[in-house]
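Peer 1: need the 3D shape of this:
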Amino acid sequence: MNQVPTQHTTPIPVPTSAQIRRWRRYLAAERAEAAIYRDLAERREGPERDILLALSDAEARHESHWLTLLGPKAEPAPRPDLRTRFLGFLAKRLGFLFVLALAQRAEGRSPYDDDPNATVRMAADERIHGEVLRGLAARGRPRLSGTFRAAVFGANDGLVSNLALVLGIGATGAPPSVVLFTGIAGLLAGALSMGAGEYVSVKSQRELLAASRPDPASQTALSHLDVDANELALVYRARGMEPEEADIRAREVLATLHLEADVPPEDVDPHEAVGSPWHAAGSSFLFFASGALVPVLPYLFGMVGWPAVVLASVLVGVALLATGAVVGILSGAPPLRRALRQLAIGYGAAAATYLLGLAFGATIA
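Peer 2: Predicted coordinates for the structure are as follows:
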């Protein structure tokens, strides 16, 4: 029987049509993923660029495996599936962290663990690639967290609170003009409140972090400390070190006469992780306003009664699903589960307010 040359120690029979289709699908995916990593590498510098190019080289090795198995059947060049093509499209147009999170999930869905024609090394590579991408994404998440948190919370608060407000007022039987202006008032009041609150919150958090940093004036005292008494060790014990460890650290500092704060994991600046108060406030204001505008749209275009309620609810539902999915992707969690959770919370709050409106007024005309 004719044999197809492979990287396996045991020859395998001539492949079936189903095997060829599967191998061609794998080949297309490996080529596309290698191209995605190259595209991402072009947008980075230093170690991140080198890591992404190394991932691209690994995908090229996997591509070579499937080319060997397929032989002439590798032509014409197969197209990757829709999901992989979509990821490649996003890699050229969206933010680096967002694409990394998507690629991380793609690597985690590798079918090589259960495919007898994929080597054990290839399956291990794919699993480790997911961890590499997780590490790269972890570098960017602290820089994004402050503003991103304000944006997500602002959009969701705007969607849920204004939908609840509009439905609650509408359920009392109030005229459409009253519902409309109530929604607009809720939009402005909520956006201003969210922006101001986020500014105060982030500003206060940064001030608390600054209060925990070493006082620059303390540097001048280092040269006058008694090395044997080692009062400086008390500083590090106050920060949570054990006495022996604190004593060693203090002696090292006295040797250099430079007092530093303990560096957070992976050299993340805590101020950077919190974000800028102005950026957080601006994001919170704009995203709350954009979210709060959605349930008002039907009334802005003159709709009344049940059609307006249904359309507002549908529009808000779509927006909640979208924001939930984005949060899931960027946090490395299942996007569908996060989207459905956002939808359930939003609709639950709106339904409760609507029922209260019914209790205090008439049904919608």
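Peer 1: hey, which helix or strand in the chain has the poorest pLDDT?
Peer 2: Least confident helix or strand, the chain: helix 270-274 with a mean of 49, by mean pLDDT, DSSP states H and E.
Peer 1: tell me the mean pLDDT over whatever helix or strand comes next after that one?
Peer 2: Per DSSP states H and E, the first helix or strand lying C-terminal to helix 270-274 is helix 277-293. Mean per-residue pLDDT for helix 277-293: 83.
Peer 1: other SSEs contacting the longest helix belonging to the chain?
Peer 2: As assigned by DSSP state H, the longest helix anywhere in the chain is helix 120-171. Under the contact criterion of 3 or more C-beta pairs under 8 Å, 6 or more residues apart in numbering; DSSP states H and E, helix 120-171 touches helix 46-70, helix 96-108, helix 176-212, helix 270-274, helix 277-293, helix 305-331, helix 335-360. All C-beta atoms are positioned from the backbone trio N, CA, C, and that covers glycine.
Peer 1: run through who's touching the fifth one.
Peer 2: It stands for helix 277-293. Under the contact criterion C-beta atoms under 8 Å, 6 or more residues apart in numbering, helix 277-293 has outside partners 146-159, 161-162, 183, 186-188, 190-192, 194-203, 206, 319.
Peer 1: recalculate using a threshold of 6 Å.
Peer 2: 146-147, 150-151, 154-155, 157-159, 162, 187, 190-191, 194-195, 198-199, 202-203 (C-beta atoms under 6 Å, 6 or more residues apart in numbering).
Peer 1: give me the buried entries from these.
Peer 2: 146-147, 150-151, 154-155, 157-159, 162, 187, 190-191, 194-195, 198-199, 202-203 (16 or more other C-beta atoms under 10 Å).
Peer 1: for the record, mean pLDDT for stretch 36-50?
Peer 2: Average pLDDT, stretch 36-50: 83.
Peer 1: so residue 15 belongs to a helix, correct?
Peer 2: No: using DSSP: H, G, I helix; E, B strand; the rest coil, the secondary structure at residue 15 is coil, not a helix.
Peer 1: how far away is it from residue 46?
Peer 2: Counting by C-beta to C-beta, to the nearest Å, the separation of residue 15 from residue 46 is 43 Å.
Peer 1: swap in residue 38?
Peer 2: 16 Å.
Peer 1: between these two, which one's more packed in?
Peer 2: Between residue 38 and residue 46, residue 38 has the larger neighbour count (other C-beta atoms under 10 Å), namely 17 against 7.
Peer 1: I figured the more buried one hits residue 57, correct?
Peer 2: No: using C-beta atoms under 6 Å, residue 38 is not in contact with residue 57, being 9.8 Å away.
Peer 1: roughly how far out does the longest helix of the chain sit from the chain middle?
Peer 2: Distance of helix 120-171 from the chain centroid (C-alpha atoms, centre = their mean, to the nearest Å) equals 4 Å.
Peer 1: got the angle for it vs helix 46-70?
Peer 2: Angle, helix 120-171 to helix 46-70, by axes from the mean of the first three to the mean of the last three C-alpha atoms, to 10 degrees: 110 degrees.
Peer 1: in stretch 283-297, what counts as buried?
Peer 2: For stretch 283-297, the neighbour count (16+ other C-beta under 10 Å) marks 283-296 as buried.
Peer 1: show me what counts as buried in stretch 30-46.
Peer 2: Buried residues in stretch 30-46 (16+ other C-beta under 10 Å): 30, 31, 32, 33, 34, 35, 36, 37, 38, 40, 41.
Peer 1: I'd like the distance between the second one and residue 84.
Peer 2: With distances taken as C-beta to C-beta, residue 31 is found 9 Å from residue 84.
Peer 1: got it, and residue 111?
Peer 2: From residue 111 to residue 84 the distance is 13 Å (C-beta to C-beta).
Peer 1: who has more neighbours, the two?
Peer 2: Using other C-beta under 10 Å, the more surrounded residue of residue 111 and residue 84 is residue 84, with 20 against 13.
Peer 1: that one and residue 30 touch, don't they?
Peer 2: No: taking contacts as C-beta under 6 Å, residue 84 lies outside contact range of residue 30: 9.7 Å.
Peer 1: relative to residue 84, how far out is residue 27?
Peer 2: For residue 27, the distance to residue 84 - C-beta to C-beta - is 12 Å.
Peer 1: brain fart, residue 122
Peer 2: Counting by C-beta to C-beta, the gap from residue 122 to residue 84 is 17 Å.
Peer 1: helix, strand, or coil at residue 78?
Peer 2: With three-state DSSP as the criterion, residue 78 reads coil.
Peer 1: what's near enough to touch it?
Peer 2: Applying C-beta under 6 Å, 6+ apart, the residues contacting residue 78 are 24, 27, 28.
Peer 1: now, which of these lie within strands?
Peer 2: Among these, none falls in strands (DSSP state E).
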